[in-house]
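Novice: My questions concern the predicted model and sequence given below.
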Amino acid sequence: MPDLFPARNRILYGLLTIITLITGYLSRRLFGDYAFIKLYVGDALWALMVFFGFAFLFRKRSTLVVAAIALGFAVSIEISQLYHAPWIDDLRKMPLIGLVLGFQFVWSDLICYSMGVAFGALAEICFIQPFKESRTAAKKQ
């Protein structure tokens, strides 16, 4: 039985994940004084990175499935920020864990996550898949 979705290139999605991570860091570092970037762009880029990361892991799943998993993960992390037991707040004080888990629930973050995941899914559908299909067609000729 043929795959319904051709396998993703793990090198490409690994690079996209790393590039998005670096872009998020640089956006905060270089343009963090701008409220819009500080409040929204970082969250959208984080969700985009999560999308590319799950696309890397689930390389044979459809774009819709990967987007649903990524959005579910992002929303779960945001909802977990409503929980403030001392042990988890102590974990959040560690820089890397704090970046992953976040610190406080913010409704606008859910919109940013939705936009980041949607951008990743659209990029895959509009750019990555057509490019891959054109290269495959060129090899067959």
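Specialist: Structure received. Residues are numbered from 1 along each chain as shown.

Novice: Hmm, residue 102 and residue 77 touching each other?
Specialist: Yes. Counting by C-beta atoms under 8 Å, residue 77 does reach residue 102; the two are 6.3 Å apart. C-beta: built from backbone N, CA, C; applies to glycine.

Novice: Check this protein for its longest helix and report it.
Specialist: As assigned by DSSP state H, the longest helix anywhere in the chain is helix 10-31.

Novice: Contacts made by it with the rest, please.
Specialist: For helix 10-31, the surrounding residues in contact (C-beta atoms under 8 Å, 6 or more residues apart in numbering) are 37-38, 41-42, 45-46, 48-49, 52-53, 55-56, 59, 128.

Novice: just the buried members of the residues you listed?
Specialist: 41, 42, 45, 46, 48, 49, 52, 53, 55, 56, 59, 128 (16 or more other C-beta atoms under 10 Å).

Novice: Looking at the residues you listed, spot the one nearest residue 117.
Specialist: Residue 117 lies nearest to residue 48 out of the buried ones among the contacts of helix 10-31, by C-beta to C-beta, at 7.2 Å.

Novice: quick one: pLDDT of that closest one?
Specialist: We have a pLDDT of 98 for residue 48.

Novice: can you redo the buried ones among the contacts of helix 10-31 as JSON lines with secondary structure and distance to residue 110?
Specialist: JSON lines is the format used below for the buried ones among the contacts of helix 10-31 (DSSP: H, G, I helix; E, B strand; the rest coil; distance: C-beta to C-beta, whole Å):
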{"residue": "41", "secondary structure": "helix", "distance to residue 110": "15"}
{"residue": "42", "secondary structure": "helix", "distance to residue 110": "14"}
{"residue": "45", "secondary structure": "helix", "distance to residue 110": "15"}
{"residue": "46", "secondary structure": "helix", "distance to residue 110": "12"}
{"residue": "48", "secondary structure": "helix", "distance to residue 110": "15"}
{"residue": "49", "secondary structure": "helix", "distance to residue 110": "17"}
{"residue": "52", "secondary structure": "helix", "distance to residue 110": "19"}
{"residue": "53", "secondary structure": "helix", "distance to residue 110": "19"}
{"residue": "55", "secondary structure": "helix", "distance to residue 110": "21"}
{"residue": "56", "secondary structure": "helix", "distance to residue 110": "24"}
{"residue": "59", "secondary structure": "coil", "distance to residue 110": "27"}
{"residue": "128", "secondary structure": "helix", "distance to residue 110": "26"}
